[in-house]
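*Asks:* I'll drop the sequence and a predicted model, then ask my questions.
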Amino acid sequence: MTEHAHSHGHGHSHAHGVAPDADRRWLRAALALLTTYMIVEVGIGVVARSLALISDAAHMLTDAVSIVLALVAMRLAARPARGGYTYGLKRAEILSAQANGITLLLLSVWLAYEAVQRLISPPAVTGGLVLITALSGIVVNLICTWLLSKANRSSLNVEGAYQHILTDLFGFVATAISGLVVLTTGFAQADAIATLVVVALMLRAGTGLVRESGRIFMEAAPAGVDPDALGDHLVSEDEVVEVHDLHIWQITSGQPALSAHILVAPGGDCHKVRRGLQELLSQEYGITHATLQVDHVGEQGAADEVLTLGPRPEAGAAEPAGEHCADAHGPVHRPGPHEH
């Protein structure tokens, strides 16, 4: 029975690879359209002396870079696990998402500074040219947004590129409004105000991407999963006496993983318990990558010691986790009310 101190299987699918061309086709189409339009917009922005147009073009450049990063990351993530990278390079997608978020934040700081300068001392802006360019930009970004919406947005990597383009779309709407205001009223500060609107949108999108990618890098539990509630759920199952060393994290976006040390009542069927817990995790929490170490209460840690079985501990009086694990990490879950 000492073999139960080892993991009793994973009970998960290894089919985590990215489909080779499922999303790349949509991203490449959006990249080609964005790059072409960006070159045109930079020229028009310089001629019209519009910071709003130049800021849109700069944001469009980050859109293009974000798509390139997404394509590279998808290719890296699709490589099989080998050597020292036992999960493969799946987190390359999270690196890409974080880079996209940081780029948005840095660019928003620069554009905010320039916009404030123009509020104080606004240059002459060619409103008609700004309006026409912004309207055409709306059309281009609508097409690109549609293209990326066809890709798998459950990937934080793809979502990062999508947020770039969606923010750019809203920015073009603001720029079009500012061009119309300048054209009809001569209020030159409208261009800078439109830029500040774009900055606010960039800050919102960038903060979200950095926060979500940071959670994955810091091994936080997936959003919407409460580890304490999950641990209490596991320990409430038949023949489970205690759960400790419970860890829940994400390998990459949409791929949660879990590991835990499970103590089973003396005489209980540990294999049945493990299968039941893995089925519960899969069906109710969407966690299919679960590694459970299952022991009976009373099993000794040393390989040469004889297994001894004692009576099942009363609720709330289970023997300390330290007797089974030299250093229990995190809360210990036992039946009945307990502190986490």
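*Replies:* Looks like it came in fine. Numbering: from 1, shown residues only.
*Asks:* alpha carbons only for contacts and neighbour counts from here, please
*Replies:* Noted.
*Asks:* which stretches of the stretch 151-300 of the chain have low pLDDT?
*Replies:* 153-154, 298-300 (pLDDT under 70).
*Asks:* L201 contacts T167, correct?
*Replies:* Yes - between L201 and T167 a contact is recorded at 6.0 Å, counting by C-alpha atoms under 8 Å.
*Asks:* neighbour-wise, which of those two wins?
*Replies:* T167 (26 against 21; other C-alpha atoms under 10 Å).
*Asks:* what distance do you get for that one to L147?
*Replies:* Distance, T167 to L147, using C-alpha to C-alpha, to the nearest Å: 15 Å.
*Asks:* show me what the strand ranked longest in the chain is in contact with.
*Replies:* Counting by DSSP state E, the longest strand found in the chain is strand 240-252. Strand 240-252 has contacts (C-alpha atoms under 8 Å, 6 or more residues apart in numbering) with 87, 90-91, 93-94, 216, 219-222, 227, 231, 234-235, 256-265, 273, 297, 313, 318, 321, 328-335.
*Asks:* filter these down to the buried ones and hand me the PyMOL line.
*Replies:* Only the buried entries of the contacts of strand 240-252 go into this PyMOL selection, using 16 or more other C-alpha atoms under 10 Å:
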select buried, resi 87+90+91+93+94+216+220+221+222+227+231+234+235+256+257+258+259+260+261+262+263+264+265+273+297+321+328+331+332+333+334+335
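*Asks:* now, the contacts of strand 240-252 that are in strands?
*Replies:* Within the contacts of strand 240-252, residues falling in strands by DSSP E are 256-264.
*Asks:* identify, from these, the entry nearest to A81.
*Replies:* Within the ones in strands among the contacts of strand 240-252, proximity to A81 (C-alpha to C-alpha) peaks at A257, which comes in at 15.9 Å.
*Asks:* next, give phi and psi for the nearest residue in space to that closest one that is not next to it in sequence.
*Replies:* In space, A257 comes closest to H289 once its chain neighbours are excluded; the distance is 4.8 Å by C-alpha to C-alpha, 6 or more residues apart in numbering. Main-chain dihedrals, H289, degrees, to the nearest 10: phi -100, psi 80.
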